[in-house]
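Q: Next one to model:
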Amino acid sequence: LSFAIFWIYPLCSSVFMSFEKITPLETKFVALENYKKLLSDTVFLTAIKNSATYMFWTLVLLIPFPMLFAVLMDNLVKAKGVWKAVLYMPALTSVVISGTLFRLMFTEYSTGQMNKLVMALGMEPFKWLKVGWTGMAALLVLACWRWTGVNMLYFLSGLKSIDTSLYEAAEIDGANGWQKFRYVTLPLLRPTTIYVLTISIYAGLAMFLESYMLWAGNNSPKNIGLTIVGYLYKRGIEKNDMGYACAVGMVLLVIALVINIVQLVCNGTFKREAQQGFEQLDLYCLVKDCMENLQVNAEQRKVALNFDGTDCMVRGNRQLLTELVENLCQNAIRYNNEGGTVNVTVHKLGGKTVLTVEDNGIGIPKDQQERVFERFYRVDKSRSKETGGTGLGLAIVKHIVELHDAGLTLDSEVGRGTTIKVEF
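A: As a prediction, the model looks like this:
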């Protein structure tokens, strides 16, 4: 009910009003006249340019830098709770107060902090808020001061959701700090990044009060600080032309929706996350390539690696399926006996494609078979230490199987070996 009263009704009313000319005495339907006027309204086009420029630079400044600062803070800073409170304080400060303070900071008089700085460098006082690029710079400094800490908190929250075992696995594989950031942190921060990007696009286009306070009103020199919402306010409130103002609001809504929908589509947000990068591929050929790569490892451990099967097409992620096959086979080789065998097959069974990895190694006790797919769980810890096992291999297998909506079964007996089947 609240959603209908405070969102649906105002939105529908604004749409209808944008097709009307509204005066204190009458309301007249003018069809598309308001929108036609907008196309030739140079002040409105200036407002769009200012809002788009502001939005662009806030995206450049308020996504990568807060992300970097969050990573550094998460790894290097102690007493994080105190710093989180400090970082959030600027956002709690009233825009009226912060806007006024920044107006005094960027004043054209010699008493302003910015002019004191340039005078200390031997230059003349500058009229910061009367020149286009410096006026925009003042707005961006205010935005960075208010929102850098908030975006850092978003990214810190995203970092907390990343499983530390992934970093440990990367270290085991020899990854350095930059590689862990690029291949682990960045991909797994993707949902947080998309969220921050989405709200930042709208916030940039809808900015008004910061500009209003920085110029002490809605009349900046040559409209250098006029935004779309500022122009809406000027036409609707100051000039009492509500129909035209609603048309401005509708254009803003469409621009924000189009930009956000395009970026969400480009980011693959509307796809199933697990289905990204999926393609039709021949599982037989993929497994065959993996067998060739693992042959040297098997020979070093004096284990025979055999492969048989037929062409079987499945829909999946090539990189993930390669990792699945390699983990299953390495596990079978690692926990095998000298002179043992590992048989891998790919075949069709009852309309499904079945990947089978069978070994005659040490086997798994019945009471431990349900736990072998847990992270860091190792049946034979002494052998894992000798062979470099981390307990991550089968946990990764289980995750990949779930992403592919496949089935996973395990059959094992101590002293006789283990058989694992994946059904696609």
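
Q: Any idea which helix or strand in the chain has the lowest mean pLDDT?
A: helix 381-387 (a mean of 43; mean pLDDT, DSSP states H and E).

Q: Which SSE is immediately downstream of that helix?
A: Note on helix 381-387: by DSSP states H and E, the next helix or strand toward the C-terminus is helix 393-403.

Q: centre of the chain versus that next one, how much separation?
A: Centroid separation for helix 393-403 versus its chain: 23 Å, with CA atoms, centre = their mean, to the nearest Å.

Q: Helices of the stretch 51-200 of the chain, residue ranges please.
A: Secondary structure of the stretch 51-200 of the chain by DSSP state H, counting those that start in this stretch: the helices cover 64-76, 80-92, 95-105, 113-120, 132-160, 164-172, 177-180, 186-188, 190-205.

Q: Including distance to F16, could those go into TSV?
A: For glycine as for every other residue, the C-beta is placed from the backbone atoms N, C-alpha and C. Below are those laid out as TSV (distance: least, CB to CB, whole Å):
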stretch	distance to F16
helix 64-76	40
helix 80-92	36
helix 95-105	31
helix 113-120	46
helix 132-160	34
helix 164-172	52
helix 177-180	54
helix 186-188	45
helix 190-205	23
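
Q: Show me what counts as buried in stretch 171-180.
A: A175, K180 (16 or more other CB atoms under 10 Å).

Q: who touches it?
A: Stretch 171-180 is contacted by residues Y167, A170, Y183, V184, T390 when judged by CB atoms under 8 Å, 6 or more residues apart in numbering.

Q: correct me, but the second one touches T185?
A: No - using CB atoms under 8 Å, A170 is not in contact with T185; the gap is 9.9 Å.

Q: Can you tell me which of the contacts of stretch 171-180 is closest to F65?
A: Taking CB to CB as the measure, F65 sits nearest to V184 out of those, at 20.1 Å.

Q: from memory that closest one sits against E168, does it?
A: No - using CB under 8 Å, V184 is not in contact with E168, being 10.3 Å away.

Q: who's more crowded, the two?
A: Taking other CB atoms under 10 Å, V184 and E168 do not tie; V184 has more neighbours (17 against 14).

Q: any idea how far L142 is from that one?
A: According to CB to CB, to the nearest Å, V184 and L142 sit 34 Å apart.

Q: Please apply the same query to L156.
A: 23 Å.

Q: Need the residues touching each of V184 and E168.
A: With CB under 8 Å, 6+ apart, V184 and E168 have no common neighbours.

Q: what sits against the nearest residue to T192 once chain neighbours are set aside?
A: Excluding the flanking residues, the one nearest T192 by CB to CB, 6 or more residues apart in numbering is G158, at 3.3 Å. Residues near G158 by CB under 8 Å, 6+ apart: L188, L189, P191, T192, T193.
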